[in-house]
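>>> take a look and give me a structure for this.
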Amino acid sequence: MFNFDAERYLTIQNGALSLKDELDQVIDSVIEKGLENVFFVGTGGAAILMRPAEYILKTHSNLPVYTEISSELMLMDHRHLGEHSLVILPSLSGTTKETVEAAAFCKEKGAVTVSFVGHAATPLANGTDYTFVNYAADDTSCESFYIQSYLLAFRLMYKRNEFPVYQQFVEEMRHLPNALLTVKEAVEPQAAEFARKHKDTPYHILSGTGIDWGQTYYYGMCILEEMQWIKTRPVHASDFFHGTLELVEEDTSIILLKGEDRTRQLVERVERFAEHYSKEVTIFDTKEYPLEGISEGLRSLVSPIVFAALLERVSCHLEEQRNHPLTTRRYYKKVPF
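Now for the predicted structure:
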């Protein structure tokens with residue numbers, strides 16, 4: 001694979017899995033003390049990456065769960081945040097200003113705070129009750145954050161007697177890093193061709209749904225916009241027909257992420273329309289990739305992680321074709337804002 005270190009990738013993703021036992025201890029302790037709700041609180045991409053775990057809890061548990069933006073949480077006076085809340089705060093750098101402030105805010109409310117970071121001894125790591133550190137860079141952080149949040153969600157549901165397949169799924173998760181590596185290898189030709197074909201395309205519509213909607217939004221905003229300066233329109237598949245469809249022309253690039261949960265049919269509806277009116281439809285479908293060791297039940301849940309893995313290959317080739325390093329910024333961490 002082009003510009004890719006497989007050993008490094010496996011080390012990082014297995015590192016996320018290795019946090020399981022420590023995570024279990026924290027979750028078990030929090031539940032024993034009384035837990036009323038869970039908050040995923042973050043800024044930008046890190047917050048978006050918590051949405052699949054939120055989705056899993058909403059579809060498998062009666063435990064109230066909220067995903068909030070750090071800065072807004074501190075201004076909105078959320079009535080459900082309190083001493084029986086568990087707050088998860090992700091930040092790869094551990095220095096995201098708003099998330100560090102949100103951690104202190106949540107602690108003042110009496111909530112138990114847990115951070116997911118890529119670096120120890122950082123302000124966020126030092127500012128939460130519990131800290132989980134797994135080094136990752138931008139090209140590997142999605143899967144790392146997803147894995148950690150999934151292990152947390154699975155454990156919460158298991159301890160509440162809401163997740164009878166817990167042991168099976170946890171064992172299967174151990175196969176995921178190698179399965180993701182196989183996905184990357186399989187998508188490489190399509191990723192390279194997409195980058196060659198669309199290196200000068202100025203605008204993309206991205207659509208996904210269900211558990212995959214967060215990854216759809218993330219890829220448009222945090223990768224194509226921030227890291228490649230390409231204009232995008234991420235739109236939920238259900239909302240596609242309430243505005244965005246009027247932007248579709250023969251040469252409009254449309255990227256569809258087709259996962260395997262019960263909402264897949266919503267993306268298929270967009271697909272039928274898009275392929276009728278545009279000649280530039282790109283489909284990434286997790287069903288096309290075998291995931292050795294992963295059962296059908298878990299497949300429908302890990303599709304955002306699969307998309308993160310395969311879209312990294314697209315990003316890597318876009319970087320090369322456009323001569324635009326993914327680390328290049330005009331404003332982010334360059335100027336005050």
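>>> so for stretch 304-322, what gets flagged as buried?
304-321 (16 or more other Cβ atoms under 10 Å). Every residue, glycine included, has its C-beta placed from N, CA and C.
>>> take those residues and keep only those in helices.
Applying DSSP state H to the buried residues of stretch 304-322, the entries found in helices are 304-321.
>>> can you pull up the bridge partners for V114?
Beta-bridge partners of V114, counted by DSSP bridges, are I88, Y130.
>>> surely it meets G127?
No. Judged on Cβ atoms under 8 Å, V114 makes no contact with G127 at a distance of 11.3 Å.
>>> any idea which element E68 lies in?
E68 is part of strand 65-69 when elements are defined by DSSP states H and E.
>>> averaged pLDDT, that strand. What do you get?
What strand 65-69 shows for mean pLDDT is 98.
>>> which other helices and strands contact it?
For strand 65-69, the packing partners by 3 or more Cβ pairs under 8 Å, 6 or more residues apart in numbering; DSSP states H and E come out as strand 37-42, helix 45-48, helix 51-60.
>>> how big is the angle separating it from helix 51-60?
Angle, strand 65-69 to helix 51-60, by axes from the mean of the first three to the mean of the last three Cα atoms, to 10 degrees: 160 degrees.
>>> buried stuff in the helix or strand following strand 65-69?
Per DSSP H and E, the first helix or strand lying C-terminal to strand 65-69 is helix 70-76. Buried residues in helix 70-76, defined by neighbour count with 16+ other Cβ under 10 Å: S70, L73, M74.
>>> of those residues, closest to Y332?
Distance to Y332, by Cβ to Cβ, is smallest for S70 among those, at 16.3 Å.
>>> can you show me the strands along the protein?
37-42, 65-69, 85-91, 112-117, 130-133, 203-208, 231-236, 253-258, 280-285 (DSSP state E).
>>> show residues contacting stretch 187-203.
1-2, 204, 230-233, 252-253, 280, 282, 284, 289, 310, 313-314, 316-318, 320-322 (Cβ atoms under 8 Å, 6 or more residues apart in numbering).
>>> now with 6 Å, please.
The contact list for stretch 187-203, computed with Cβ atoms under 6 Å, 6 or more residues apart in numbering, reads M1, K231, S253, L310, R313, V314, H317, L318, Q321, R322.
>>> with distance to T96 and pLDDT as extra columns, can I get these in TSV?
Output for the contacts of stretch 187-203, formatted as TSV (distance: Cβ to Cβ, whole Å; pLDDT from 0 to 100):
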residue	distance to T96	pLDDT
M1	30	96
K231	25	98
S253	31	98
L310	27	98
R313	27	98
V314	26	98
H317	29	98
L318	25	98
Q321	30	98
R322	27	98
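>>> now, the most widely separated pair of the residues you listed?
Farthest pair in those, by Cβ to Cβ: M1 and K231, 28.0 Å.
>>> who has more neighbours out of the two?
M1 (15 against 12; other Cβ atoms under 10 Å).
>>> many thanks, we can stop here.
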